[in-house]
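Novice: model the following, please.
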Amino acid sequence: MLDNLEDHEDRFRTVLLIDDDPVARVLTSSVLESSHMHVIDVASGAEALARFQEIRPSCVVLDAMMPGLDGFETCQRLRHMPSGRRVPILMLTGLEDEDSVTRAYEAGATDFFVKSQQWTLLAQRVRYLLRSSRIQGELERSRSRLAKAQQLARLGSWDWHLDKKKVYLSAEILRMLGLSRREEVMDQDMVFSFLIDEDKTRVDSALHRLIMTHEAQSLELRVKTRNGLVLIMQCEAEIEELREGRVSRITGTMQDITQRKEQEMQIRALANYDTLTNLPNRRCFNERFADSISQAERRGWKLALLFIDLDRFKQVNDTQGHSAGDALLVEVAKRLLQSVRQKHGDDVETAEDLVARFGGDEFAVLVNRVTDLAQPQTVARRILEHLREPFVVNGVENFISGSVGISVFPDDGRDVETLVRNADAAMYSIKALGRNDIRNYQPELSQESRRRWEIEKDLYKALERNELELFYQPQVDAQLARITHVEALMRWRRNGQLISPKDFIPLAQENGLIIPMGEWAINTACKQIRAWRDSGYGDIGIAVNIPSIHIQRGNLPGVVRQVVRQHEIPPELLELEITETMLMQDLAQTIDVLQELSEFGVKLAVDDFGTGYSSLAYLKRFPIDSLKIDGSFVRDLETGSENEAIVQAILALAKTLKLKVVAEGVETSDQAMLLDQIGCSFMQGFWFARPQPAEEIGRLLSRQRVEPVVPALPRFMPKGLLDNGQSVLIVPHASPQ
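Specialist: Residues are numbered from 1 along each chain as shown. Sure thing, here's the model as predicted:
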């Protein structure tokens, strides 16, 4: 079967026959072709050289004795051609002397054949040469592939003759170490000089184990190259030869695994460290925290966990961009490290505090070996002091603070999860109480934290369950004693019980639900405007509060246009309230959004005015229609007070800008009378009415439609529109003439 296969392959092999004797060419060609070979014959060496590149034969049969360029010279020239170096050449000669045979080999012939009548032997000899050439070619290709594979794998071999104290290095090892081919045989001491000193003893130990046990050894070594680089090598060794029961020769391989080790280190770094701050991440922190707990249990130590959340960090991202926020986080990491104890030396008794970034603007500090419960408080205060110092990012000063919750092992928990959860609960309780402070965990905080989690979980389904409602608080023209507008205030009826906005609005802002909730509020308000108009109550405008995130991330103008057109209401009956602080965030985008809304016809009001930092120059740039004086200025309003001066200043500013002014938080008749006297007749507050469902406001509007109204503020104020839950209209007195 093998012969048949070779016959099949020989049909595709070309033999170049070079002979000046035409009879010999015919005889030789017929013999070779009868053995299924393709023969091309030429009559001279010169013709063979001219056509060799074109023919590219698998074998050359060459007559030694030819006129002009004889076979020996032709053979030499063929060997100097690029494609003639490896082709088998069979020299035909009628001479049998040794000198001719030697000359044939010196010229580069593969073999020789003495001309005779046994032509069948010639065919067998050519087939043998073809087979040998094929095997040699496959071997060379295999060696080439192996060398290429070893080069790609950066894998080389070595052979250590212990009795000669010589080491034979493969070409790949020489290449990796930056050595020349002349150095392929080295003294073993020279080979050892390439090892890092710390690894030489490890090699001695491995060699001893190999000799004593005859078991293959494997170890990682650091090797210095000729140009000073340090490579990490995976070394394998096994016994190759024994002489008289003694190991005389060891062979093995060395593979450069430096890149793999670097990648493993990068993967470990990505898995365990925060890429922005280079601090341990939550995963790494939890593992090291667990180790610290195990050690603390054995030694009777206490540990403390500080859970830190930055205050007002989102404002940096919103106003200056995420690159500025990232730069600030890097600086925060540095300050946290400055605030804690760092380990020096290898003394296991030395306390070391661990700082980690959990993600976003959340950080954690593990205070090790706590000897006094005041100790974590001291660290926390030091952290807050460092955070209060201004952060300068791109030339801009930023002021932030932090809220810190503390849990202690083993008092507040005996495992990582419990301690982190409890410190987190303590931190959130500080957030709720005003931020920028420290609080230790107390058991009652777990109930508070669970309640917060349950509220947040249910809030995601509040919209689809239709659990949100709008309550409305009237805005009154005190001169006319008339309701002209109402402000929409969101309420959540969870499991039949109303949830305070302060309990769910901050959560909605944190998780992004405030955008769909805001869109729902706009749609519901416009629908209510349509209903009151259809009921004949007139054009009662509704003001809706808009969070900053809706301007920065939402498609607010598009939503407003769609809803207003859907309910077919005049756009000026919808008023959007934004806070003074919001105006100053991303000025360019805010101005564009507000301008688009104003051009559509929607009214725009600045809520909580006086509590921010806007100026006349900035206000002139915004298409604002009205200002709402914050209730904090109305609460302690008295004649001659500082608050009266502030309110008068706001009224003067509004008059200059031709803006309407509404005073919020009016709760007494004295406040209402003084506001009217200084020129502020539009008011809102509990003195007139508390926030009520749409049905109650509808009843007020229905009565207002038929009750007489006098265009002047009475000399005394009644109890209000709402008394003990009942809706009561203002009963005005005639204005003095």
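Novice: what stretches of the stretch 151-300 of the chain score poorly on pLDDT?
Specialist: 151-153 (pLDDT under 70).
Novice: ok, 50 please
Specialist: For the stretch 151-300 of the chain, no stretch is flagged by pLDDT under 50.
Novice: ok, which stretches of it are helices?
Specialist: Secondary structure of the stretch 151-300 of the chain, counting by DSSP state H, counting those that start in this stretch: helices at 171-177, 188-192, 197-213, 258-272, 282-299.
Novice: looking at those, which is buried most?
Specialist: For the helices of the stretch 151-300 of the chain, the largest average neighbour count (mean count of other Cβ atoms under 10 Å) is found in helix 171-177, namely a mean of 20. For every residue, glycine as well, the C-beta is placed using N, CA and C.
Novice: show residues contacting that one.
Specialist: 147, 150-151, 154-158, 169, 179-181, 183-184, 194, 223, 225-226, 231, 254, 256 (Cβ atoms under 8 Å, 6 or more residues apart in numbering).
Novice: so where's the protein shaky on pLDDT?
Specialist: Within the chain, the ranges that satisfy pLDDT under 50 run 1-11, 344-350, 708-737.
Novice: quick one on the thing from earlier: nearest to residue 102, of the helices of the stretch 151-300 of the chain?
Specialist: helix 171-177 (33.0 Å; Cβ to Cβ).
Novice: the helices of the stretch 151-300 of the chain into TSV, with extra columns for distance to residue 655?
Specialist: Conversion of these to TSV gives the following (distance: least, Cβ to Cβ, whole Å):
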stretch	distance to residue 655
helix 171-177	84
helix 188-192	93
helix 197-213	83
helix 258-272	61
helix 282-299	55
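Novice: just tell me which of those helices ends up closest to residue 552.
Specialist: Comparing the helices of the stretch 151-300 of the chain under Cβ to Cβ, the one sitting nearest is helix 282-299, at 28.0 Å.
Novice: give the next helix or strand downstream of whichever strand or helix holds residue 647.
Specialist: Following DSSP states H and E, one finds residue 647 within helix 642-657. Under the assignment DSSP H and E, the closest C-terminal helix or strand after helix 642-657 is strand 660-663.
Novice: any idea how far the most centrally placed residue in the chain lies from residue 314?
Specialist: Closest to where the C-alpha atoms of the chain average out (Cα atoms, centre = their mean) is residue 275, at 8.3 Å. According to Cβ to Cβ, to the nearest Å, residue 275 stands 21 Å off from residue 314.
Novice: can you give me phi and psi for residue 495?
Specialist: Backbone torsions of residue 495, given as degrees, to the nearest 10, read phi 50, psi 40.
Novice: check the one 4 residues further on too.
Specialist: When quoted as degrees, to the nearest 10, the phi and psi of residue 499 stand at phi -100, psi 130.
Novice: that one: how many residues sit nearby?
Specialist: 18 (other Cβ atoms under 10 Å).
Novice: what's near enough to touch it?
Specialist: 455, 491, 492, 493.
Novice: who's in contact with the nearest residue to the last one once chain neighbours are set aside?
Specialist: This points to residue 493. In space, and not counting its chain neighbours, residue 493 is closest to residue 467: 5.3 Å by Cβ to Cβ, 6 or more residues apart in numbering. Contact analysis of residue 467 by Cβ under 8 Å, 6+ apart lists 461, 492, 493, 494.
Novice: can you show me the strands along the stretch 51-200 of the chain?
Specialist: Under the criterion DSSP state E, counting those that start in this stretch, strands of the stretch 51-200 of the chain are mapped to 59-63, 89-93, 111-114, 155-161, 166-169, 185-187.
Novice: got a markdown table for those, with distance to residue 131 and mean neighbour count too?
Specialist: Output for the strands of the stretch 51-200 of the chain, formatted as a markdown table (distance: least, Cβ to Cβ, whole Å; neighbours: other Cβ atoms under 10 Å):
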| stretch | distance to residue 131 | mean neighbour count |
| --- | --- | --- |
| strand 59-63 | 10 | 25 |
| strand 89-93 | 13 | 23 |
| strand 111-114 | 12 | 17 |
| strand 155-161 | 30 | 19 |
| strand 166-169 | 32 | 18 |
| strand 185-187 | 35 | 15 |
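Novice: residue 354 versus residue 285, what's the distance?
Specialist: According to Cβ to Cβ, residue 285 stands 7 Å off from residue 354.
Novice: re earlier: ok, the residue nearest to the centre of the chain - contacts?
Specialist: By Cβ under 8 Å, 6+ apart, no residues touch residue 275.
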